[in-house]
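Novice: Give me a model of this one.
(one chain, ligands or ions: 1)
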Amino acid sequence: MDAPVVTLSFDNGPTVGVTDVVLDELARRGITAYFFVVGRPLQRPGARDLLVRARAEGHLVGNHSATHRIALGELADPVAVDAEIDGCEALLDGLRSDPPLFRPFGNGGVLDGRLLGDRAVERLVGGGYTTVLWNSVPHDWDDPDGWVTTALTDVEAHAHTVMVLHDTPGACVARLPELLDRLEARGARFTLDLPGDCLATVAGRLTPVLETLTV
Ligand SMILES: [Zn+2]
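Specialist: Okay, the predicted model is just below:
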């Protein structure tokens, strides 16, 4: 197989003591990645500084909801959907990229109709968002022994892998160097480009992927 293409993303942070270690590891290797952040941890002391550093080092920062509590498609109240999207976005002044980026909360990574819902789609289109999905969720947060192998298997299964890792305590950070060593040994090319099949909206335009997200 050709050398794999890999886009890394780190979700649910920022976390002081974790995100900084991830940034050190990426910087050492010259890899840039996505950070999909949650409003709540972003409001903790020191957290925003990590994202300022991430942006300065070429990473991209996106909205991963205000509270990360429930899939937007499972929220009946449109006001609550708006609060999840807008509540995080309001904290991203000076950090967001153009177009703004959104990643839905994924119920452990399951791609189905619960991810978004009509109101969320309306909001993401109205806000001109690029909505970034994934094709690899190696479960770094709950499978410490197995996730690196799962990640490498996923990379062999896709021409271009969009991997969801987590810059939260007890997730990928301990074995991230091992994963990156093994991907580099495999000749992986790291990129911020995204494959079309992982995009539900592009700068506010709907893609055919959205139609595949049915319950
Ligand atoms: Zn998440």
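Novice: for this protein, what spans make up the strands?
Specialist: 5-11, 34-37, 60-63, 101-102, 130-132, 160-166, 189-190, 199-202, 205-206 (DSSP state E).
Novice: now for those, which one comes closest to Gly108?
Specialist: The minimum distance between Gly108 and the strands of the chain falls on strand 160-166, with 10.1 Å, by CB to CB. Where you see a C-beta, it was placed from the backbone N, CA and C, and this is true even at glycine.
Novice: pLDDT at Met1, what is it?
Specialist: Met1 is assigned 62 on the pLDDT scale.
Novice: How about Gly106?
Specialist: According to the model, Gly106 carries a pLDDT of 86.
Novice: For it, the count of nearby residues, please.
Specialist: Each residue near Gly106 was counted by other CB atoms under 10 Å, and the total is 19.
Novice: Contact partners for the residue lying closest to it once chain neighbours are set aside?
Specialist: With CB to CB, 6 or more residues apart in numbering as the criterion, Gly106 has its nearest non-adjacent residue at 6.4 Å, and that residue is Leu115. Leu115 is in contact with 71-73, 104-107, 133, 200, 213, counting by CB atoms under 8 Å, 6 or more residues apart in numbering.
Novice: The same query, at a cut-off of 6 Å, please.
Specialist: For Leu115, the contacting residues are 71, 73, 104, 213, taking CB atoms under 6 Å, 6 or more residues apart in numbering as the criterion.
Novice: thought the first one was touching Arg114?
Specialist: Translated: Ala71. Yes: using CB atoms under 6 Å as the test, Ala71 is close enough to Arg114 to be in contact (4.2 Å).
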